[in-house]
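1. Generate a structure from the sequence data that follows.
(one chain, ligands or ions: 1)
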Amino acid sequence: METVSASTKISTTEMHTGGEPLRVIDKDSGFPPIKGNTLLEKRRYIKEHLDCYRKLLMFEPRGHYDMYGVLLVSPDMNDADIGAIFMHNEGYSTMCGHAVIALGRYAVDKGLVKKTCPETKVNIQCPCGLVEAYVSFDGTKSSAVRFHSVPGFLFASGAFYALVPAKSLGLDMKTSKVKDLQEAAAAVTASLKKSLKLEHPDSADLAFLYGTIVTDGKDLYSEEITDNICVFADEEVDRSPCGSGVTARIAQQYHRNLIQVNQTRTFRGPAGGIFQAKVVKQVQYGQHKSVIVEVSGNGYYTGTSTFTVEEDDKIGGAGFLLK
Ligand SMILES: O=C(O)[C@H]1NCC[C@@H]1O
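-> The predicted structure follows:
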């Protein structure tokens, strides 16, 4: 495992989607070179050799407990425009909807794809597979983004989640404190990790429980907003409604016959941000009857940063988290 070099200088673009941060680390950011032919190999290489840079960029004092980032790499899928490696307080996730929404805009604005009006398509290779993002673009400004998930199935989707109604934990989405919802969700994740063996049709790298989503239990189709909170990685709280999480909720609602193809549901996260989602088609994925879900939302820019390290800064050079 490497340690961060004192000559490090990494420049990032800061964004958020529904309140959930996204630190975009582009290919020319100053992040050290990454070995590997495929996206999953690169993800493994970073995990094994460059994890100190994740800590540098996600942890305090440059980030915080609930920070989220994406590193852009060259994709290995022919159809992909960009490759994305997601990172958070514990490691590297397989799919991230809020990041895809922000990244869609980023790719259009940075000229990483050929722009078309009224929508520009951006194909993003994520660890879980190819995600198609459609970015509204009027010739000058990019805005709302919708994306089509990889197939979502019950047990599970691009990322594996447990879905639990707040009521069954003795809690309430409107009146309970975020801290109480966070602790209860983390306890569900911890106990399931001990008892549940997950399998993914494509790769063992993708088969792990990413988190627990506590919901208001409003799963039957209606135009009413449904609230949820996603607690993932090391008890990290998603501020947004969670793009991969609402994909999982829609997949569950569809498989339980509570919604039909093209019925749009509106999801709200703990910061009040809204995503809309619907099943666009049913597909077969390995042995799983699956669905492609379309999720839409808005990502925004909040600024840019350049991070450096001083040689004798042991605390800031390693980064730290306070629980
Ligand atoms: O929107 C999402 O899918 C993500 N947000 C943070 C946790 C998930 O990766």
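2. Flag every buried residue along the strand or helix carrying Ile46.
-> Under the criterion DSSP states H and E, the helix or strand holding Ile46 is helix 39-49. For helix 39-49, a neighbour-count test (16 or more other Cβ atoms under 10 Å) marks 39-40, 42-43, 46-47 as buried. In this view, the C-beta of every residue, glycine as well, is placed from N, C-alpha and C.
3. Take the residues you listed and lay them out in TSV including pLDDT.
-> Shown next, in TSV, are these (pLDDT from 0 to 100):
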residue	pLDDT
Leu39	96
Leu40	95
Lys42	97
Arg43	96
Ile46	97
Lys47	96
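4. follow-up on the earlier one: contact partners of the helix holding Ile46?
-> Surrounding helix 39-49, the residues in contact under the criterion Cβ atoms under 8 Å, 6 or more residues apart in numbering are 1-2, 34-36, 53-54, 71, 73, 75-77, 83, 85, 91-92, 125-127, 203, 205.
5. can you do 7 Å?
-> 1-2, 34-36, 73, 75-76, 83, 85, 91-92, 125, 127, 203, 205 (Cβ atoms under 7 Å, 6 or more residues apart in numbering).
6. Just the buried ones out of those, please.
-> By neighbour count, with 16+ other Cβ under 10 Å, these hold 34, 73, 75, 83, 85, 91-92, 125, 127, 205 as buried.
7. list the helices and strands the top strand by length along the chain packs on?
-> Ranked by residue count and defined by DSSP state E, the top strand of the chain is strand 274-285. In this structure, strand 274-285 makes packing contacts with helix 243-255, strand 265-268, strand 288-297, judged by 3 or more Cβ pairs under 7 Å, 6 or more residues apart in numbering; DSSP states H and E.
8. Could you say which one of the ones you listed comes nearest to Ser176?
-> strand 265-268 (14.9 Å; Cβ to Cβ).
9. got the CA coordinates for the closest one in PDB?
-> Extracted C-alpha coordinates of strand 265-268, given in PDB (Å, rounded to 0.1, in the frame of the first residue of the first chain):
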ATOM      1  CA  ARG A 265     -43.100   7.200  -8.800                       C
ATOM      2  CA  THR A 266     -41.600  10.200  -7.000                       C
ATOM      3  CA  PHE A 267     -39.000   9.600  -4.300                       C
ATOM      4  CA  ARG A 268     -37.600  12.100  -1.700                       C
END
